[in-house]
Every structure is written in C-alpha cells, then in structure tokens.
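Participant: Quick one, structure for this:
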Amino acid sequence: MDEQAQGPQDQEAVKDVIAKAIERQERQVDEHVAAFGPEHVETLTMRSELAYSYWQSGRSEDAIAIEEEVLEISERTLGADSPATLRSRVNLAASYWSAGRYEEAIHIEEEVLVATERVLGLDHLDTLTARSNLSFSYASAGRTEDAIVVLRQVLEDRIRVMGPDDGETMDARSNLASTLWSADHHDESIAVEEDLTREAARILGPDHEDALTARRDLASAYRAAGRTEEARAAQQALVADRERIFGPEHPATVGAQKILDDG
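Facilitator: The predicted structure is shown next:
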C-alpha cells in the first residue's frame, strides 16, 4: 500500500510491526552468538539480515555499524575473495550510498569490481552489476565524467553478454544518455537517445508505450538542445501516432499536442 494513501494510524501500525520484527531479529542474533559464536557463518548471515532490516527502516548508521563488523570478520575468516565477503562489501557500499557517504561507497565498489573481474571474470553478471553500481555512485558523488567512462563500458558489456535486445541493455543506453546530458555532452546524448529510440521500436514494436516514451524524450532533447526543426518533426510524428493508437481525446495525445502547439 502507498504510504501516502495510509492514514496516521495505519502508518503507526506498520512502524510497530517493523519495530517488533527488528526486535525479534535482534534476539535471534543474540541466540546465534550464544549458540555458534560471533564469527560463525550463520551468525554473520543473521547479522547481515538484521542490518538489512535496519537499512529498510531508515536506520542507515545502525546498518553500517553491523556491516562494517561483518565485513571485517568475513575478510579475516573467509578470505577477501569469498562470495560471502564480496556480498558483505556490496551491502556495506549500498548502506554508505543510502547514507550519502558516496566516496566511501565508491572506494568499496571499486574494490568489488576489481575482485569480481578477477574471481568471476569480465562477463559474469555479478561483474556487470558491480560496474553498473559503481557508475551510479560516481554520478551521485558528482563525478559525472567518471560515471560516463564506466557507463560506456556497461553498455558495451551488456550488448556483448546479454545482447542488444535485453531490457538491461536498453536501461544501460538510457542511463548513458541521461548522464551524458547532465555533463553537457548534448550531441552525444542525443545520438544515444536516437539509438535507443530505434532499438525500442525494433524490439518492442513502434506502438509500444516504452517506444513512444523514448520518442517523446528524444523530441524533448532536441528542443532543449535548440534543434528546433528536428524537435518539431519528431513531436508531430509522435502526436500523429498517439492519435492513431489512443484517439484524439486521450490524455497522452492531448499532452503531446499541447507540447507541439507551445513550440
């Protein structure tokens, strides 16, 4: 349920349920420490689950405190390259990121990427995910040019490993286009959006809503870049197709027509 649709009593009830669940997890952690010791794999797993619950409930610093300890123990007892240690690093980086501690998140994510490339290989899905995570953290920290370098590699990897038609490849194109735009590389951003528009129409069909949305975004980019004639031509074609698909009175058609009329 959307929190905005909940009344104050409903929200308090949800918070109470979450608090009680966390209390139960805290007791379970204590029980695992007593039964297995603080460094047992099952204890570390329980502590990681508790940290995730803290993170979900907005207690980022509490989550970080646990995850830092879990990572230290995991590195010491299981090794720096073990799957469990790599997962602990990823979890800690995510918590740093959610707490706005971007440079600390980046430091860990750079280490994770190097480790996954070495242990799992360049084409493993965990490696692709690690590279994508790093690009987002670079962007969040304002290191846009670093993000662009990584995002170009992300797109190349997604095309090679997952194919040009995969949904995550499409997402990689979109992420690269938006980041290029934010760095004022407008012409290159538009070129990527043009590719995205063509690919969306080919893969999904020209009448699919995501294909139409890609065309809308491209027309908007043309306008913002001052490429007025291209923007108007793209918007006119979009209005015609929305009218054909949805009818002239549909809100999407009306909205597209208003943008065209406003110039």
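
Participant: immediately after the longest helix along the chain, which helix or strand?
Facilitator: Counting residues, the longest helix found in the chain (DSSP state H) is helix 8-36. On the C-terminal side of helix 8-36, the nearest following helix or strand under DSSP states H and E is helix 41-56.

Participant: I'd like the mean pLDDT over that next one, please.
Facilitator: Helix 41-56 carries an average pLDDT of 93.

Participant: Return the set of buried residues in that helix.
Facilitator: Within helix 41-56, the residues scored as buried using 16 or more other C-beta atoms under 10 Å are 43-44, 46-48, 50-55. Backbone N, C-alpha and C define where each C-beta goes, glycine included.

Participant: Who are the packing partners of that helix?
Facilitator: helix 8-36, helix 60-78, helix 83-98 (3 or more C-beta pairs under 8 Å, 6 or more residues apart in numbering; DSSP states H and E).

Participant: ok, now with 6 Å
Facilitator: helix 8-36, helix 60-78 (3 or more C-beta pairs under 6 Å, 6 or more residues apart in numbering; DSSP states H and E).

Participant: Can you list the helices and strands that the first one packs against?
Facilitator: Other helices and strands packing on helix 8-36, by 3+ C-beta pairs under 6 Å, 6+ apart, are helix 41-56.

Participant: follow-up on the earlier one: ok, and for the longest helix of the chain, which residues are buried?
Facilitator: Buried residues in helix 8-36, counted by 16+ other C-beta under 10 Å: 22, 25, 29, 32.

Participant: Chain neighbours aside, what residue packs nearest to the last one?
Facilitator: Take His32 and drop its neighbours on the chain: the residue closest to it by C-beta to C-beta, 6 or more residues apart in numbering is Thr43, 4.3 Å away.

Participant: and the gap between that neighbour and Ala21?
Facilitator: 19 Å (C-beta to C-beta, to the nearest Å).

Participant: again, but for Arg27
Facilitator: Taking C-beta to C-beta, one finds Arg27 at 11 Å from Ala21.

Participant: What residues of stretch 120-134 count as buried?
Facilitator: 120, 126-134.

Participant: Now do that stretch: everything it contacts.
Facilitator: Here stretch 120-134 makes contact (C-beta atoms under 6 Å, 6 or more residues apart in numbering) with 109, 112-113, 116-117, 150, 154, 157, 161.

Participant: Just the pLDDT at Leu151, thanks.
Facilitator: pLDDT at Leu151 comes out at 97.

Participant: and it, how many neighbours?
Facilitator: For Leu151, the neighbour count with other C-beta atoms under 10 Å is 27.

Participant: Can you mark which positions in stretch 85-92 are buried?
Facilitator: For stretch 85-92, using 16+ other C-beta under 10 Å, the buried residues are 85-92.

Participant: same question for that stretch, mean pLDDT?
Facilitator: For stretch 85-92, mean pLDDT is 94.

Participant: distance between that stretch and the chain's centre?
Facilitator: On the basis of C-alpha atoms, centre = their mean, to the nearest Å, stretch 85-92 is displaced by 17 Å from the centre of the chain it belongs to.

Participant: same question, stretch 109-127
Facilitator: 18 Å.

Participant: before we move on, what about stretch 27-39?
Facilitator: Worked out by C-alpha atoms, centre = their mean, stretch 27-39 lies 34 Å from the chain centre.

Participant: Could I get the CA-only coordinates of it as CSV?
Facilitator: Coordinates of the C-alpha atoms in stretch 27-39 are reproduced here as CSV (Å, rounded to 0.1, in the frame of the first residue of the first chain):
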residue,chain,number,x,y,z
ARG,A,27,17.0,-11.6,19.8
GLN,A,28,17.8,-14.2,17.1
VAL,A,29,21.3,-12.6,16.6
ASP,A,30,21.9,-12.9,20.3
GLU,A,31,20.8,-16.5,20.2
HIS,A,32,23.1,-17.3,17.3
VAL,A,33,26.1,-15.6,19.1
ALA,A,34,25.4,-17.8,22.2
ALA,A,35,24.9,-21.0,20.2
PHE,A,36,27.6,-20.7,17.5
GLY,A,37,29.9,-17.8,18.4
PRO,A,38,30.2,-14.3,16.9
GLU,A,39,32.2,-15.4,13.9
